[in-house]
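S.K.: The sequence and its predicted three-dimensional model are supplied below.
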Amino acid sequence: MDRTSAAPANDSGSTEPTDVELVELARAGDTAAFSVLVARHQRQLYRLALRMMGNEADAEEVLQEALLNAFGKLGEFRGESAFNSWIYRIAANCALMRLRRRRRAPDNVASQAEGTSDALAGPAFAADGSWAEPPSSDWSLRADDALHNQQLGKAIECAVANLSEDYRVVFLLKDVDGLSNEQIAELLDLSVPAVKSRLHRARLALREQLTEFFGRR
Amino acid sequence: MIYCQECVDLLADYLEGTLPPSQREQLEEHLSYCPPCVTFVRTYKATTRVARESLVAEIPDEVSARLHDFLRKSLPSSR
């Protein structure tokens, strides 16, 4: 998790209570203390929920459900892990349960159509391992210059949205939100090799999309 | 010696810094004489950069406000 959002340590001279201190207060019924915890961690929790659910409305519902659950389970928090890891896990579980319900819905045509996305685009190679079609367009510097360009933003947004959920969530959590492979594996109940494989394939597919985008310009 | 396909397959671990030294050396040697693979690595890395710059999500103020309102109504009153 992003350590910069963790509670300030008291030994730094800050007068703000630590997460552990706020949890103790909240356990004793101080809901204002819980609100402070929420304010500290809501940004990361929202990002996680948004990545997993794919839309703002569902992300907001996951956030509400997760925080209500977390309040009810404060007695179970033992401080063995950081509070943000603990609440992150609760939010991920809420999202996963919603996603499973969504997938099981009989009229969920879109979900059924997503499949396992084995047909992700990527580079092609000859039998001897050399390029079938060597990449010739180095658009990497043009990309850095074009980051302010709305069309580029829309292109990557569209490309990411077209990834299947399995690949999209891993890519966003890793490359946009900065979680480690191990954190993602734990949150999504995957092995680390599975996370790495999905991440790499997502990047390959997105790279193809961006190559097409820059090829048209 | 590694070929271009293997270079691509090892790329994620290479950029993460988790390749075993011997594989890292082989990959870097390959990049020293393969311009297409160099192009590929640059654009692979740029893909992540573009996504990170374009897709950062912040919690909208109205979502935050609704969240706190929801908790105020749903949680028991403070003792």
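M.R.: Good, I have the coordinates. Numbering: from 1, shown residues only, chains lettered A, B, ... in the order given.
S.K.: The residue nearest the centre of chain B sits in which helix or strand?
M.R.: Nearest to the mean C-alpha position of chain B, by C-alpha atoms, centre = their mean, lies B:T48 at 5.3 Å. B:T48 belongs to helix B:35-55 when assigned by DSSP states H and E.
S.K.: pLDDT of that helix, averaged?
M.R.: Within the predicted structure, the mean pLDDT of helix B:35-55 is 93.
S.K.: ditto for stretch A:15-28
M.R.: Per-residue pLDDT over stretch A:15-28 has a mean of 92.
S.K.: which parts of that stretch are buried?
M.R.: Of the residues in stretch A:15-28, those buried by neighbour count under the rule 16 or more other C-beta atoms under 10 Å in any protein chain shown are A:P17, A:D19, A:L22, A:V23, A:E24, A:L25, A:A26. C-beta coordinates here come from the backbone N, C-alpha and C atoms, glycine included.
S.K.: and the fourth one, what does it touch?
M.R.: Read it as A:V23. Neighbour list for A:V23: A:A33, A:L37, A:L74, A:F77, A:G79, A:F83 [criterion: C-beta atoms under 8 Å, 6 or more residues apart in numbering or on different chains].
S.K.: and if you look at the last one?
M.R.: Taking C-beta under 8 Å, 6+ apart, we find A:A26 in contact with A:A33, A:F34, A:L37, A:F71, A:L74.
S.K.: now do 10 Å
M.R.: Applying C-beta atoms under 10 Å, 6 or more residues apart in numbering or on different chains, one finds that A:A26 lies in contact with A:32-38, A:70-71, A:74, A:77, B:75, B:78.
S.K.: separation between B:P76 and A:N69?
M.R.: Taking C-beta to C-beta, to the nearest Å as the measure, B:P76 and A:N69 are separated by 15 Å.
S.K.: Which of these two has more residues huddled nearby?
M.R.: The neighbour comparison of B:P76 against A:N69 (other C-beta atoms under 10 Å in any protein chain shown) goes to A:N69, with 14 against 8.
S.K.: what helix or strand does the residue of chain A found nearest chain B sit in?
M.R.: Of all residues in chain A, A:G129 sits closest to chain B, with a separation of 3.1 Å (C-beta to the nearest C-beta). Secondary-structure assignment from DSSP H and E places A:G129 in no helical or strand segment.
S.K.: Please name whichever of the contacts of A:V23 scores lowest on pLDDT.
M.R.: A:G79 (81).
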